[in-house]
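Undergrad: pasted the sequence and its predicted model underneath.
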Amino acid sequence: MGKRSEFVVSIADLPRQEGAQRQYSFTFSAPAGIGVDLLKVPQGAPITTEITLESVREGVLVHGGVYTRADGECARCLRPLERTVNEQIAELVYYPQSLKALIDNGADDTDELPMTDGDSIDLEPLIRDAIVLALPLQPLCQPQCRGLCPECGERWDDLPEDHHHEHFDPRFSALDELAARLAAEEGDNV
C-alpha cells in the first residue's frame, strides 16, 4: 500500500461476518492533483466523507458520500469558478484471498482492483476516483458562455453587441487595386 497516509483507515473493529456494518465520518486534507485539467480540489482543502463499511464475502463494501469543493476556470472564457462536489461512492475492496481467487479463475484487469492491507483500507483511490469522475472535463461558468473573441481575446460578455474586427486579407490587394483603376477609368469616361 506504500506510505501510510491519513486516508488509510482501520477495519479491525469490523466483524468479517457478512452484513456487519460500521458507519464513519472522516475529514481528510486533499492531496495534490485531485481533479481534471481545468478543475481541481485545492491541496489541503477538506474532503468530508460519510461512509458505511460493510462486510461481504469477497471483502468490504465501501459506500456513502464524498463532499468537497473544486476550483478552476471556465473552458470557454477562462473566468475563475468554484464547484461543489457531492458524489456517492460504492466500491468493493477485496480481501487478498478473494482477489487471488479471481486471478486463479482467469479474471482480467485485476491490477486496478482495491485490496485490503491487513486490517486497513486505503480510501484515497476510492475518493480520488469518485471526485475525478464527478468533475466535467470542460467546466463552464454558465451553460450559455460565449467564450472569448478569437481576434482580441476579450470575453464576449464584456464586449458591446456590435463588436467586430476589420479584416484585411493581403491576397485580395490586387483586386482592390483593379477595382480602384476601373472606377477611375469610368470616372474619366463620363
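TA: Right, received. Where do you want to start? Residues are numbered from 1 along each chain as shown.
Undergrad: residue 84 reaches residue 48, doesn't it?
TA: No. Contact criterion CB atoms under 8 Å: residue 84 and residue 48 do not qualify, at 11.5 Å. Just so you know, the C-beta spots here come from the backbone N, C-alpha and C atoms, and that holds for glycine as well.
Undergrad: give me the common contacts of those two.
TA: Common contacts of residue 84 and residue 48 (CB atoms under 8 Å, 6 or more residues apart in numbering): 67-68.
Undergrad: what about those two, which has more around it?
TA: Comparing residue 84 with residue 48 by neighbour count (other CB atoms under 10 Å), the higher total belongs to residue 48, at 13 against 8.
Undergrad: what bridges to the more buried one?
TA: Using DSSP bridges, the bridge partners assigned to residue 48 are residue 27, residue 67.
Undergrad: if I look at it, how far off is residue 137?
TA: 24 Å (CB to CB, to the nearest Å).
Undergrad: what does residue 118 give?
TA: 37 Å.
Undergrad: can you give me the strands in the protein?
TA: 8-10, 21-29, 35-36, 39-40, 46-55, 59-73, 80-94, 120-122 (DSSP state E).
Undergrad: what strands flank the first one, and is each parallel or antiparallel?
TA: The strands that strand 8-10 pairs with in its sheet are strand 120-122 (antiparallel) (by DSSP bridges).
Undergrad: can you tell me what sits against the strand it pairs with?
TA: By CB under 8 Å, 6+ apart, strand 120-122 touches 1, 5, 7-12, 53, 60, 62, 93, 114.
Undergrad: and for stretch 159-169?
TA: Residues from elsewhere that reach stretch 159-169 (CB under 8 Å, 6+ apart): 149, 151-152, 156.
Undergrad: now do stretch 124-144
TA: So stretch 124-144 is contacted by 5, 7-8, 28, 31, 34-39, 41, 47, 49, 62, 66, 68, 70, 72-77, 79, 81, 83, 85, 87-89, 91, 93, 114 (CB under 8 Å, 6+ apart).
Undergrad: Throw together a PyMOL command that grabs the buried residues out of the residues you listed.
TA: Selection of buried members from the contacts of stretch 124-144 for PyMOL, criterion 16 or more other CB atoms under 10 Å:
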select buried, resi 7+28+31+34+35+36+38+39+41+47+49+62+66+68+70+72+74+75+76+77+81+83+85+87+89+91+93+114
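Undergrad: which one of the contacts of stretch 159-169 is nearest residue 17?
TA: Checking the contacts of stretch 159-169 against residue 17 by CB to CB gives residue 156 as the nearest, at 61.2 Å.
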